[in-house]
Every structure is written in C-alpha cells, then in structure tokens.
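Colleague: Test case, fold it:
(chains A, B, C and D)
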2 protein chains.
Amino acid sequence: MARPLAPRGHGRERVVDAALELFAQHGVSGTSLQMIADHLGVTKAAVYYQFKAKEDIVLAVLEPAFRTMRDFIAEAEAAPSPAESSERAMAGLVDLIIEQRQVVAALFRDPEVQRIVDGHEDFESLVQRLGTLLAGPQPDTRRRVATSVLGAGLAHAGMQPELADIDDAVLREELLHLGRLLWTADPHSSAV
Amino acid sequence: MARPLAPRGHGRERVVDAALELFAQHGVSGTSLQMIADHLGVTKAAVYYQFKAKEDIVLAVLEPAFRTMRDFIAEAEAAPSPAESSERAMAGLVDLIIEQRQVVAALFRDPEVQRIVDGHEDFESLVQRLGTLLAGPQPDTRRRVATSVLGAGLAHAGMQPELADIDDAVLREELLHLGRLLWTADPHSSAV
DNA sequence: GTCTATAGATAGATAGAC
DNA sequence: GTCTATCTATCTATAGAC
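Modeller: Next up is the predicted model:
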C-alpha cells in the first residue's frame, strides 16, 4: 500500500499546489520564489530544499498532465482508423482539460513553459503526437485552422473564471460537442 | 497630409515594434527593458527617454488594437438586431486578428497585460462590450462555452507560427466560417 | 536624443547554523 | 527540515554629462 519509491513528503506537494495557483494568476515569469514561499508561510530556502531550481517546480507542476496525455495518446494511436484516432485524442484531451483545468490552461499558453517543455524531449514529443492525432494525416487548410482554433480554445475554456459555475459533466459535453462540430464540419457548408 | 498632432518621432515606433516582437516571444514579464534596448542597439536610458515606465510601453503596444476595437464595437452596437450585432462584432474581431496578429494573440493572453488593462477603464470597458456582443443577450450555457472557446481560439490561431503560411484572405474566411459554425449551431445536433 | 553611472529593490540560488 | 544570512546578477528607474 505504501509508496516504496520517491517518498515525496507533503512538502513537495504543497509547493506544487501553491506554484500552480500563482502561475495561473501571474504566469511563470511573473511568479517569484519569494511569492511561492510567502504563500506557504515559509522562506525561499525552504522551497529550495524541495526543488533545486525554479524550472524543476514548473516541471513538477506539468508532470501529472503529461502523464495523463501519454496514456490517452497511446490509446488513440492504437485506434484502427484516423477518424477514430482523432475522436479518441479529442475525448482524452477534453477529459484532461476538465480534470486538470488549471494546469492545462494556465501553463500551456505561457512562453516560459513553452521554453522549458521544448527542452524536455519526453514532453515535447507528446505535444507533437497529439497535434498529429487531432489534425489527422495530411490535413487541408480548413482542418489545420480548425485544429489550431479548437486546441487553444478548449484549453482556454477550461480555466475561464466566467465558466467556473458550469458543472464539470456539462462542460465536458459542451466541449466534446464543439470538437465534433469543428472537426466534422462540411467543407461546403457556410463558408463565404 | 502631415500629422499635425502627436509627432511621435521614429523613436517611439521603433521601441513599440521591438517590444511587441519580444513580448510575443517571451511574454511581458519575461521581457526586460534591457532586452528591448539590446534589440534596438541602444541603452536602457534611451528607451526611458521615450517611455517613462515599462507599463507605458505595454499600453502603447496595445493602443492600435483597442482603437480598432472601439470603432467596430460602436458599429456593432448600432446594428438593428442582436444577431446582426454579433455577426458584425465577430467580423470586426476577425479582421482585427488578421490585421494585427501579434498584438491580439500575444498580449491578450498575458497575465501581466490583463493586470494593466484592468487598470485602464477605457480598455477594460471595450473588452466587456465585445464579450456582450459576441455572446448575445442572456446566453445559454452552450453559447457561453462556444463564445469562450471561439474568442480564445481565434486569437490564438492568428499568431500560430504553424499557420503563418496561410494567406491572410484565406485565413480570414476560415476564421469567419468557424465563427458562424459555432455561433449558429443547432442546439440539438450532435451533442451526446 | 543618447550616453555613463548608479541607485534601490528584487531576482534565483547557496552555505551553514540549528 | 526549516531557518538566517548572504552572494551575484538583474531588474526598473533616475540623474546628469555630452
């Protein structure tokens, strides 16, 4: 039952929680270690006992989201057809957004996070594989634009304070609805 | 022909251009005055001659986008029906995104910009009026989610380096198409 | 109008006492 | 495991020479 490896006492989790909240509010560059320490009522040195650098805190905040991504991406890639791969990837992404609103929305749009992720092969390849799954093989312009709009839009909706009153299950269905609408749109429908 | 007021020598414009580029890359908090000065090949003091504070540079970068917003918002508000108001607001927003890709996408999602805009009554009220126009009067959940997804998604698509190869006119039509698709969606269509 | 020089504050990070 | 104290570097911003 007990966790044999990586004991990760309560200290690390508390730092990660505080960091996520502050990152979401001020961005990574706008959040100092002093702010994190103050939020926890400890000193900077206490934070540095848990993480040897600020970048490591960012990575720790991202880790659960990427862990989830890795799982549903593998499943989606194993699907029998591109259309089904895309559908599963979208559903996985929506679930991730609902379950971990703050991480996805607050951090995936932060330039500093972009830089840190780009330096980590594991994380970066996941982002690329997800993009391929969502856009499908050899996407046309319409599909490329729709994928871009939807990817950013879904992540954003997950964190909007204005939508916080919406029940998780309802929001999930609405996001799925929008995903299917954009990805299966008739190319000849209402375009001017 | 000549500009009678607000001479705004070449100096200010050069600073604004450099700042916009760096803000888009690193975010506002991640961009120092030193970086802006280095980018221009001058010293920090030279930048401070043009702007007395960093916040003023951010405001100067935002100004043209808000000027455009103010115009099309006024037009949209004067439309005869809510549906037409929404359509005009969306078209105005898409045009703005196409014409000023970097400003809209890079800055509207930056927490530091959010803070600065919130402190400026003129800018903040424009953002609120635009939101009302797009969502329409008394929007239901579906409409609220769609508006949120679309607002963030469109802005994001304008700056994506991956979409930079798409012609402005084509991108504009695609974004309008997506906007109409999401806002006029049949409530009973494909939702699960 | 651009510079040097520098102030005052704060950044990320480290050493070592307890 | 948390602290004080401190380091170095950098930040925004100012003063004043040229």
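
Colleague: What residues does A:R109 make contact with?
Modeller: A:152, A:155-156, B:109, B:156 (Cβ atoms under 8 Å, 6 or more residues apart in numbering or on different chains). (Glycine included, C-beta is placed from N, CA and C.)

Colleague: go on, A:A146?
Modeller: By Cβ under 8 Å, 6+ apart, the neighbours of A:A146 are A:182-183, A:185, B:174, B:178.

Colleague: One more: A:L171?
Modeller: Contacts of A:L171 by Cβ under 8 Å, 6+ apart are A:98, A:157-158, A:163, B:145.

Colleague: what do you get if the cut-off is 7 Å, keeping everything else the same?
Modeller: Applying Cβ atoms under 7 Å, 6 or more residues apart in numbering or on different chains to A:L171 gives the contacts A:98, A:163, B:145.

Colleague: is DNA strand C contacted by stretch A:43-63?
Modeller: Yes: contact of stretch A:43-63 with DNA strand C is found when judged by Cβ under 7 Å from any atom of the strand, involving A:44-45, A:48, A:52-55.

Colleague: Name the residues of that stretch that are buried.
Modeller: Residues A:47, A:50-51, A:54, A:57-62 are the ones in stretch A:43-63 that count as buried (16 or more other Cβ atoms under 10 Å in any protein chain shown).

Colleague: ok, residues contacting that stretch?
Modeller: Here stretch A:43-63 has contacts from A:11-12, A:15-16, A:19-20, A:23, A:28, A:33-34, A:36-37, A:103, A:107, A:113, A:116, A:123, using Cβ under 7 Å, 6+ apart.

Colleague: how far does it sit from the chain's center?
Modeller: 19 Å (Cα atoms, centre = their mean, to the nearest Å).

Colleague: Please work out the average pLDDT along it.
Modeller: Predicted confidence along stretch A:43-63 averages 97 (mean pLDDT).

Colleague: Is any residue of that stretch near DNA strand D?
Modeller: Yes: counting by Cβ under 7 Å from any atom of the strand, DNA strand D has neighbours in stretch A:43-63: A:43-46, A:49-50.

Colleague: can you give me the end-to-end distance of that stretch?
Modeller: With Cα to Cα, to the nearest Å as the measure, the ends of stretch A:43-63 fall 25 Å from one another.

Colleague: hmm, back to that, closest one of the residues of stretch A:43-63 next to DNA strand C to DNA strand D?
Modeller: Taking Cβ to the nearest atom of the strand as the measure, DNA strand D sits nearest to A:A45 out of the residues of stretch A:43-63 next to DNA strand C, at 3.1 Å.

Colleague: helix or strand for that closest one, which one?
Modeller: Per DSSP states H and E, A:A45 falls inside helix A:44-50.

Colleague: again, but for A:Q34
Modeller: Counting by DSSP H and E, A:Q34 is part of helix A:33-40.

Colleague: which parts of chain A sit against DNA strand C?
Modeller: A:31-35, A:44-45, A:48, A:52-55.

Colleague: Please repeat the previous calculation with a cut-off of 10 Å.
Modeller: Contact residues (Cβ under 10 Å from any atom of the strand) of chain A with DNA strand C: A:28-38, A:43-49, A:51-57, A:112.

Colleague: By proximity to DNA strand C, which residue of chain A wins?
Modeller: A:S32 (3.2 Å).
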